[in-house]
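# got a sequence here, can you model it:
(chains A, B, C and D)
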2 protein chains.
Amino acid sequence: MTNEAPARRRATIKDVAKAADVSPMTVSNVLNGRLQYVSAATKKRVEREIERLGYRRQANARNLRVAEQRSIGMVIVDESPAFLADFFTCQVVAGLANVLNSADYTLTVQGMRGDQLETSMITRNFEVGGFCAMIAGSGEERRAAIRRLLDLDQPVIVFQEPITLEGADFCAIRQDDRGGGRLIGDHLLARRVEDFLAVVPAQDWPAIEERLAGLRESLAANGGGARLTVIASASESFADVQDVVARHLSDHPLPGAIIGANDPIATAAMLYLFDHDVRVPEDVRIVGFNGFEAHRYARPRLTTVDSAAYQLGEQAGRAMLERLESGRFARHEYILPVHFDAGATT
Amino acid sequence: MTNEAPARRRATIKDVAKAADVSPMTVSNVLNGRLQYVSAATKKRVEREIERLGYRRQANARNLRVAEQRSIGMVIVDESPAFLADFFTCQVVAGLANVLNSADYTLTVQGMRGDQLETSMITRNFEVGGFCAMIAGSGEERRAAIRRLLDLDQPVIVFQEPITLEGADFCAIRQDDRGGGRLIGDHLLARRVEDFLAVVPAQDWPAIEERLAGLRESLAANGGGARLTVIASASESFADVQDVVARHLSDHPLPGAIIGANDPIATAAMLYLFDHDVRVPEDVRIVGFNGFEAHRYARPRLTTVDSAAYQLGEQAGRAMLERLESGRFARHEYILPVHFDAGATT
DNA sequence: TCTATTTCATGTAACGATATATATCGCGGT
DNA sequence: ACCGCGATATATATCGTTACATGAAATAGA
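Numbers count the residues shown, from 1 in each chain, chains lettered A, B, ... in the order given. Sure, this is the predicted structure:
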């Protein structure tokens, strides 16, 4: 047996009305709690029939009529098909989903490449009240993607986007990457580090630019003769990071500190040093960025800047709900604080 | 400036029709590529107006009429508000989202507590073509939740659920946890381990039961006098795991091997041993389960069973699409193979 | 008894799209 | 001249729900 009845139609409001011997309008009133218009007895009768027939309101019909959406779209623009498997993104989505779900909203996830945004998203049958976007790629691509989202004439919230476009009304939600970079610089300078090596992914990611900018600010302010070298790894993968670090160290002296653009990069670099009998933190200090719990498992425990991705998602959810309820949508930038987490690698 | 026009109405198919001087039906035909019914010239005219007016089809209206959904619901039933932040779940969701998005479907995420499933989901305005469910909790709760999903009369795919309910038509997708458990047993027995300690979370999670069952099978088949002790940690948190391991070891001799129900548990146990000057793997061998990349960063590299969560999600997506297209939905169980990944801890 | 007022319930017309059936045109064949 | 046919285009009804206006009892006040 696969289905009880060959094509059992889902009960509609009319079926309920007929069964309860009232008009569809009365059923609708019961459903929407407009109790001024329906007597207690009728209400009970209708509710019994709703239960008995297993009636569920059809959202499409309702939303068509009331012109309201109870769903927010999360758009993740990335080349990788595993867009969501990244731990940072996944934390953001978790926080967002939680806030929205608690407010009886739903989150709809859509991953796509930048060039698909135009064609596929816009013609797609996918109806939401607003968009939260996580957009990878370089500055110009990012801005183009944001503009396309804004063209949809709906509230847009963008994560990790420090640049506010001219004349565009969207919210930006990010953490204080620059401040985090400064904290790292200050911490290392206090330990008399003179020679800094930063390892960043080749992909142009604005949050990482900010982290570097903060680091440079710190060096400029308090760094005397401190030097910063930045090298880029083809990807964030373990192998690529170790590769680029190896190449750099082959014709440069050991730096005083290696700063990973994020925790995986820092850990990969650290393990490379271990394998070459460099002591951490005695010979080289190491700092990461993001504060992923999983990376706390490496020993020695990584010094990092905790960026609270989950809270980032929560904040986005709250901002979106607020705007949907007020009906107003003006540009605004939320910058969440970061927290320096000193481990044993510095 | 917040909005250009106070309340610019979104263009409808009628607006386009009027602008292109054709009937709405013709616009609809263009939109749906029914080119037999529209001349090339008309098509171009309509498309220009669509572009000019920024027309987008309203999904609710269309779905109401064609009675079709292009969205799949992912229901995550859990007590924790951070339901999605778990790395395993996040990988599953990533795989699922990727497959669905490629097929022009959308994934809608809904996290909730078990007891909310009834009231909130069923009355919610949230319309999908089927459900993929990740359900935490003990056996009876899980089954009750599955039944409630099935009551919605839509295709249901459940992850990590080895028990197939009587008379219920849903798909179960999981990995070969039992086989993984056997692999662990065989591997350790080959290294002459006699005394096994398994650390599991207190919460009753069927996949973990299966892993233990596989381990027991291996011991029974080849284990001579091998003994297995199972202890439960209040949660999977670092502190709780270390706590329960400490308590156990305080009045028991060191086992030959500690098997974590998953990687975080195994790593927590391992770090506890380090802190107490126990050598791994010389004094105690350690094995995890899941193969999370992040845990590869711990040194020595953890021996684990790779469970390919991402592929689990992909398989669910394919299964769901297949069933939606065929219109048939019969019970079926997919069991994905696991891969033993020998690290340096055994 | 007759009018106000309240309480409960209903009829009708949308929301924006599409399925179906029906029209109109021009053209080739007879 | 007539029929038939293919190629285009349209009119109408409908999906399930709710907003709005209206109606019919019942209650109250005089």
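# C-alpha from now on. contacts and neighbour counts both.
Fine.
# what helix or strand does the closest residue to DNA strand D within the stretch 51-200 of chain A sit in?
Closest contact between the stretch 51-200 of chain A and DNA strand D, by CA to the nearest atom of the strand, is at A:Arg57 (3.5 Å). Under the criterion DSSP states H and E, no helix or strand holds A:Arg57.
# so what touches stretch A:252-259?
Stretch A:252-259 is contacted from outside by A:188, A:193-199, A:266, A:269, A:283-288, using CA atoms under 8 Å, 6 or more residues apart in numbering or on different chains.
# brain fart, stretch A:169-179
Contacts of stretch A:169-179 (CA under 8 Å, 6+ apart): A:150, A:155-162, A:164, A:207-208, A:210-215, A:307, A:312, A:315-316, A:329-338, B:2.
# list only buried entries from the contacts of stretch A:252-259.
Buried subset of the contacts of stretch A:252-259 (neighbour count, 16 or more other CA atoms under 10 Å in any protein chain shown): A:188, A:193-199, A:266, A:269, A:284-288.
# which parts of the one helix or strand A:Ala207 maps to are buried?
Here A:Ala207, judged by DSSP H and E, is contained in helix A:206-222. Using 16+ other CA under 10 Å as the burial criterion, the residues of helix A:206-222 that qualify are A:206-219.
# other SSEs contacting that helix?
helix A:177-190 (3 or more CA pairs under 8 Å, 6 or more residues apart in numbering or on different chains; DSSP states H and E).
# next, see if the one helix or strand in chain A whose mean pLDDT sits lowest gets close to chain B.
When each helix and strand of chain A is scored by mean pLDDT, DSSP states H and E, helix A:122-123 comes last, with a mean of 82. Yes: Helix A:122-123 reaches chain B (CA under 8 Å from any CA of the partner chain) through A:Ile122, A:Thr123.
# same for the next helix or strand along the chain from that helix, what does it pack against?
Moving toward the C-terminus from helix A:122-123, the next helix or strand (DSSP H and E) is strand A:131-135. Based on contacts counted as 3+ CA pairs under 8 Å, 6+ apart, the elements that strand A:131-135 packs against are strand A:71-77, helix A:139-151, strand A:156-159.
# looking at those, which is closest to DNA strand C?
Closest approach to DNA strand C among the helices and strands packed on strand A:131-135 (CA to the nearest atom of the strand): helix A:139-151, 16.2 Å.
# buried ones in that closest one?
Neighbour-count burial for helix A:139-151 flags A:Arg142, A:Arg143, A:Ala145, A:Ile146, A:Arg147, A:Leu149, A:Leu150 (criterion: 16+ other CA under 10 Å).
# can I get that helix in PDB, CA atoms only?
Only the C-alpha atoms of helix A:139-151 are listed here, as PDB (Å, rounded to 0.1, in the frame of the first residue of the first chain):
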ATOM      1  CA  GLY A 139      34.100  43.900  -4.200                       C
ATOM      2  CA  GLU A 140      32.600  44.600  -7.600                       C
ATOM      3  CA  GLU A 141      30.800  41.200  -7.800                       C
ATOM      4  CA  ARG A 142      29.500  41.700  -4.400                       C
ATOM      5  CA  ARG A 143      28.100  45.100  -5.100                       C
ATOM      6  CA  ALA A 144      26.500  43.900  -8.300                       C
ATOM      7  CA  ALA A 145      24.800  41.000  -6.400                       C
ATOM      8  CA  ILE A 146      23.500  43.400  -3.800                       C
ATOM      9  CA  ARG A 147      22.100  45.700  -6.400                       C
ATOM     10  CA  ARG A 148      20.300  42.800  -8.000                       C
ATOM     11  CA  LEU A 149      18.700  41.900  -4.700                       C
ATOM     12  CA  LEU A 150      17.700  45.500  -4.100                       C
ATOM     13  CA  ASP A 151      16.100  45.500  -7.500                       C
END
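# the closest residue to A:Leu35 other than its chain neighbours - how many residues pack around it?
With sequence-adjacent residues excluded and distances taken as CA to CA, 6 or more residues apart in numbering or on different chains, A:Leu35 is closest to A:Asn29, at 7.0 Å. Neighbour count of A:Asn29, defined by other CA atoms under 10 Å in any protein chain shown: 15.
# C-terminal to whichever strand or helix holds A:Asn29, what's the next element?
Using DSSP H and E, A:Asn29 sits in helix A:24-31. On the C-terminal side of helix A:24-31, the nearest following helix or strand under DSSP H and E is helix A:40-53.
# the helix or strand following that next one vs DNA strand D: in contact?
Next along the chain after helix A:40-53, taking DSSP H and E as the criterion, comes helix A:59-66. Yes: Helix A:59-66 is in contact with DNA strand D by CA under 7 Å from any atom of the strand, via A:Ala59, A:Ala61, A:Arg62, A:Leu64, A:Arg65, A:Val66.
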